[in-house]
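S.K.: Dropping a prediction and its sequence here:
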Amino acid sequence: MKRKRHPIRGLLAGLLVGLGVSIMVLIYGKLTTQDSWPVLVIIGAFMLLGLVLGLVGPTRGKKKAAAA
């Protein structure tokens, strides 16, 4: 039986987490708005991490029968 993975969901979760971390870093003043490449690196790293976790993370559980 083939295991059902969710790499797209992991990729989207990584995108959202990367955006959140980038915004927090900008708000706290640790990063300037003049250079955009650090923001892209942060977002890309979290997207890659989310994709990898979506591919090797736990599989979906079996669907249980509905109660009669």
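M.R.: Great, that's in hand.
S.K.: and the residue most central in space within the chain, how far is that from I43?
M.R.: The chain has G14 as the residue nearest its centroid, 1.5 Å off, counting by Cα atoms, centre = their mean. Distance of G14 to I43, given as Cβ to Cβ, to the nearest Å: 8 Å. C-beta: built from backbone N, CA, C; applies to glycine.
S.K.: Also L53?
M.R.: For L53 relative to I43 (Cβ to Cβ), the value is 16 Å.
S.K.: repeat for A13
M.R.: A13 is 12 Å from I43, where distance means Cβ to Cβ.
S.K.: so where do the helices sit in this protein?
M.R.: Applying DSSP state H to the chain gives helices spanning 7-27, 37-56.
S.K.: re earlier: my guess is the residue nearest to the centre of the chain contacts L55. True?
M.R.: No. The criterion here is Cβ atoms under 8 Å, and G14 misses it with L55 at 11.8 Å.
S.K.: quick one: low-confidence ranges for the chain?
M.R.: Applying pLDDT under 70 to the chain picks out residues 1, 61-63, 65-68.
S.K.: Count the neighbours of G18 for me.
M.R.: 22 (other Cβ atoms under 10 Å).
S.K.: How about F46?
M.R.: Neighbour tally, F46, other Cβ under 10 Å: 21.
S.K.: Name the nearest residue to it, ignoring sequence neighbours.
M.R.: Nearest residue to F46, sequence neighbours excluded (Cβ to Cβ, 6 or more residues apart in numbering): G18, at 3.3 Å.
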